[in-house]
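# Here is a sequence together with a model predicted from it:
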Amino acid sequence: MDQDPAATEGRRRAAGVALMLASSASNQAGAALGATAFPAIGAVGVVAVRQLVAALILTPVVRPRLRGLRRDQWVPIIGLALVFSVMNLSLYAAVDRLGLALAVTLEFLGPLTVAVAGSRRLVDLGCALLAGVGVVVLTGPGPSSDVVGIALGLVAATAWGAYILLNRALGRRLPGLHGTAAASLVTGAAWTPIAAVWFALHTPTACGIALAVACGLLSSVLPYVADLLALRRIPAPVFSTLTSINPVWAALAGWIVLGQALATAEWTGMGLIVASNAVVSARGRRARAVAAPEGVAVR
């Protein structure tokens, strides 16, 4: 008996949406677990372990070939390795000061900026303005504002925007995920001596290391697999729109795992930024809104 093509496609899309939602939830749950390890090994320790876990798992799966790469391929690879480090370190430092939801929401300004850069569409420009209002409402500028934490969140956003542009360029020069895997390998190699020095000066606990490893698995490895499967089932614009739910998952993970409740103004600001991202992504600008999903990039 032949299956209804429409029903089959509907099930595929539903599975894709479920995978994407699970991926984003896993990502933010992992970030929350990583934050609980801050007292034991610090943000630097968490980032180091996360990068090493990602490299150790992604490298044998993709098996990137470094020998024979041209200079025009090495430049974006090294750039991505630097961006991975800056993005994760600044994000976790921001999480430590602002809380998970606020830090992740500020980071989402990166892909939004790339999405509307150079756009002449009034809707896109209006969304950028709306996001700016959201930042003001979210951060509540004043004498008591954590300026350093906000700045770190904006650095993470800038790094994510740079990642999108670099990954787009690398995708034209290397097939599949070889470029991202190569960048992950370089990042892991760069963080190995940093981790050795850091843990020599800051004696780690077994619990702290376990939490950081869980962070690497939940925030990098599992999203990588889930996003890869999701992108085979749903269009890229739909995927990009669904990534806008990450700050909401971050708020829930921060509340449940870290006990970080949000005030009404913070929910309002976060909602404005999330809505801006969702509208711009839904415009269907493939690859311009989000060049490659976070999980696939193994941040």
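Yep, it's here.
# Tell me if I'm right that residue 45 and residue 198 touch.
Yes: counting by CB atoms under 8 Å, residue 45 sits close enough to residue 198 to count as a contact (5.8 Å). Glycine gets a C-beta too; all of them are placed from N, C-alpha and C.
# Pick out whichever of those two has more residues nearby.
Comparing residue 45 with residue 198 by other CB atoms under 10 Å, the one with more neighbours is residue 45, at 23 against 18.
# So what touches stretch 108-120?
The list of residues contacting stretch 108-120 from outside it, by CB atoms under 8 Å, 6 or more residues apart in numbering, reads 124-125, 127-128, 131, 135, 154, 156-165, 243-244, 246-247, 273-274, 276-277, 280-281, 285, 288-291.
# Just the buried residues of these.
When the contacts of stretch 108-120 are checked for burial by 16 or more other CB atoms under 10 Å, the buried set is 124, 127-128, 131, 135, 154, 156-164, 243-244, 246-247, 273-274, 276-277, 280-281, 285, 288-291.
# Take the residues you listed and keep only those in helices.
Secondary structure of the buried ones among the contacts of stretch 108-120 is defined by DSSP state H; positions in helices are 124, 127-128, 131, 135, 154, 156-164, 246-247, 273-274, 276-277, 280-281.
# who's in contact with the residue nearest to residue 31 when sequence neighbours are not counted?
Distances taken as CB to CB, 6 or more residues apart in numbering place residue 219 nearest to residue 31, at 5.6 Å, with adjacent residues excluded. For residue 219, the residues meeting the contact criterion (CB under 8 Å, 6+ apart) are 26-28, 30-31, 34, 50, 299.
# Next, find the distance separating residue 219 from residue 174.
With the distance defined as CB to CB, to the nearest Å, residue 219 ends up 24 Å from residue 174.
# One more: residue 188?
18 Å.
# where does this structure dip in pLDDT?
Judged by pLDDT under 70, the chain has its weakly predicted residues at 1-3, 118-119, 142-144, 175-177, 228, 236-237, 240, 281-299.
# Quick check: longest helix in it by residues?
Looking only at the chain and at elements set by DSSP H, the helix with the highest residue count is helix 5-36.
# Name the next helix or strand downstream of it, please.
helix 38-62 (DSSP states H and E).
# buried stuff in stretch 139-158?
Taking 16+ other CB under 10 Å as the neighbour-count basis, stretch 139-158 is seen to contain the buried residues 139, 149-150, 152-158.
# Then stretch 32-39?
Taking 16+ other CB under 10 Å as the neighbour-count basis, stretch 32-39 is seen to contain the buried residues 32-38.
# so what does the longest helix of the chain touch, helix or strand wise?
The criterion is 3 or more CB pairs under 8 Å, 6 or more residues apart in numbering; DSSP states H and E, and the helices and strands that helix 5-36 contacts are helix 38-62, helix 71-98, helix 100-107, helix 206-216, helix 222-230, helix 236-242, helix 246-258, helix 294-297.
# which of those helices sits most buried?
Ranked by mean neighbour count, the helices and strands packed on helix 5-36 are led by helix 100-107 with a mean of 28 (mean count of other CB atoms under 10 Å).
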